[in-house]
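> 3D model of this:
(one chain, ligands or ions: 1)
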Amino acid sequence: MSSDRTSELYEKSLELHRFYRGKIEMVPKVPISYELFALWYTPGVAEPARVCGSDPSQSFYLCNRWNTVAIISDGTRVLGLGKLGPEGALPVMEGKALLFKYLGGVDAIPIVVRERDLDKLVYIVKALEPSFGGINLEDIESPKCFDLLERLRQELDIPVWHDDQQGTALVTLAGLINALKLVGKKLSDISVAIIGAGAAGIAIARYLMVAGVKPGNIYVVDSKGILHRDRPDLKSGDPKLKWKRWVAERTNAEGRTGGIPEAMKGVDVVIGVSRPGPGVIKKEWIKLMNDNPIVFAEANPVPEIWPWEAKEAGARVVATGRSDFPNQINNSLGFPAVFRGALTVFARKITDEMCIAAAYALASYAEEKGLSEDYIIPTMEETEAYVREAIAVAEKAMEQGVARRKVSRSELEREVRELIERPKKYLRLAVESGVVAQLPK
Ligand code: NAD
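All right, here's what the predicted structure looks like:
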């Protein structure tokens, strides 16, 4: 994107945010009359209140809790912009809530907190649990985000998700499954270089292992070079490096040392989740890769290498994080449907297997439409892909015993489709009738 175009987008975005004063609002979902208020509110509501008080699990059946997610951010890593603070995070979290609703039919509430301490964040989110069916952590700095996710996943009885980790890994895996089909290779046979060992890189390494890539065939690189168990900083016992140590202990069976080119030598796939390029991955390093190289350069807003450069260097399939190039690895293909599936069956967790099922559902949807080097993954407009993904997630939750609610396949499909289509229908009506204002001229 040229800097002119970027500054034009910034200016327009600010103008529209000022005009609408926010992007989401709450609306009633029940018919209303003044008589009915005696049922929706006092005195009638005392009875559902008593029922939920004596059996808290009823709050999933009698309230909107089952479909409500908290988007929690401490504002410590807002987009690529760093520590903008909670207010700085708020426009982003509202945008996330918009995507949750529009793409997944999920009611998501942005909650930005003036707190950065890990223990206190755990305390705050735990205290909020009774209001929500799920928690989405967002734009929280690493390595705190790893510990926060792990602790909350253990301590809460509702799904907890960190999109920068699981969301990115899920969508990357979906794209990779199809890219491999195009080049005739299998997950169990490939070797992969992952450039970046932050929230995204570590989660991608973990999911690739769960999906069948041999851990020893993965090489993860951070700004200090390839992770390996003898690297002095990783041997130091620094608790901040716990997660990188976890990766170093499992990956890189050869004990490779060096930087990005050494990691890319002879591998089938390179996945960039490091810092904005271009120039982080160089053309000559792609030439060091195995035949039919697959290059995912996911850094935003500018990929580690421009797609045309990667192609010129011999890459067979190229994906980026951007919508203006083919094969967008976009988290918005993951979280709305994953939560749609998990919330529909009142899941207690989102397991790795549920995410892998989501990745395969996305991949097979694209495959049915017809794979090509420029189409390895669905786009955000393909609503049916979300339906299929959500069903796969819900079915896996029921199979693994983490769903509170059991539903038949046909009931699941009907509910999921209705919930995913509902906000689109609603918004069409609201805009047509002028309840939601048209864009200003
Ligand atoms: P992070 O800050 O947690 O991690 C960044 C990692 O990259 C660190 O380990 C750092 O050491 C490493 N790094 C930085 N420069 C490097 C270099 N020159 N060589 C090797 N390693 C280097 O960030 P994150 O949340 O993991 O995101 C990383 C990047 O991936 C960002 O650009 C982000 O926009 C992008 N991303 C894209 C998508 C997507 O498009 N779907 C999703 C998530 C993240």
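> Please make it C-alpha for all contacts and neighbour counts, starting now.
OK.
> Which residue lies nearest the spatial centre of this protein?
Taking CA atoms, centre = their mean, the centroid of the chain lies closest to residue 167, which sits 2.2 Å from it.
> and residue 42, how many neighbours?
10 (other CA atoms under 10 Å).
> ok, now residue 126?
Around residue 126 there are 15 residues (other CA under 10 Å).
> try residue 188
14.
> how far away is it from residue 211?
9 Å (CA to CA, to the nearest Å).
> so who does residue 69 touch?
Taking CA atoms under 8 Å, 6 or more residues apart in numbering as the criterion, residue 69 is in contact with 106, 107, 108, 109, 132, 133, 134, 135, 136.
> ok but it is inside a strand, no?
Yes. The assignment for residue 69 is a strand, going by DSSP: H, G, I helix; E, B strand; the rest coil.
> what bridges to it?
residue 108, residue 134 (DSSP bridges).
> Okay, it and residue 297: tell me how far apart.
Taking CA to CA, one finds residue 69 at 30 Å from residue 297.
> likewise residue 316?
Relative to residue 297, and taking CA to CA, residue 316 is found at 13 Å.
> thinking again about what came up before, of the contacts of residue 69, closest to the ligand?
Of all these, the one sitting nearest the ligand is residue 136; the distance, using CA to the nearest ligand atom, is 14.6 Å.
> Could you report the neighbour count for that closest one?
Neighbour number of residue 136 under other CA under 10 Å is 21.
> Wait, it touches residue 93, no?
No. At 10.1 Å, residue 136 does not count as touching residue 93 under the criterion of CA atoms under 8 Å.
> What is the subsequent helix or strand relative to the helix or strand where residue 364 lies?
Under DSSP states H and E, the secondary-structure element containing residue 364 is helix 352-369. Using DSSP H and E, the helix or strand that follows helix 352-369 in sequence is helix 383-399.
> Okay, angle between the very next helix or strand once past that next one and helix 383-399 too, please.
For helix 383-399, the following helix or strand on the C-terminal side (DSSP H and E) is helix 409-432. Computed by axes from the mean of the first three to the mean of the last three CA atoms, to 10 degrees, the angle separating helix 409-432 from helix 383-399 equals 140 degrees.
> Show me how far helix 409-432 is from its chain's centre.
Centre-to-centre, helix 409-432 and its host chain are 22 Å apart (CA atoms, centre = their mean, to the nearest Å).
> Look up how far residue 378 lies from residue 413.
19 Å.
> which one of those two has more residues nearby?
residue 378 (26 against 18).
> Spell out which parts of this protein neighbour the ligand.
142, 164, 168, 195-201, 221-223, 273-276, 280, 298-300, 321, 329-331 (CA under 6 Å from any ligand atom).
> From the residues you listed, keep the buried residues only.
For the residues of the chain next to the ligand, a burial check counting by 16 or more other CA atoms under 10 Å picks out 142, 164, 168, 195-201, 221-222, 273-276, 280, 298-300, 321, 329-331.
> circling back to that earlier point, any common contacting residues for residue 136 and residue 93?
With CA under 8 Å, 6+ apart as the test, residue 136 and residue 93 both reach residue 71.
> Please pull out the lowest mean pLDDT helix or strand from the protein.
helix 3-20 (a mean of 89; mean pLDDT, DSSP states H and E).
> next structured bit after it?
Immediately after helix 3-20, counting by DSSP H and E, sits helix 37-40.
> Pull the residues that contact that next one.
44, 45.
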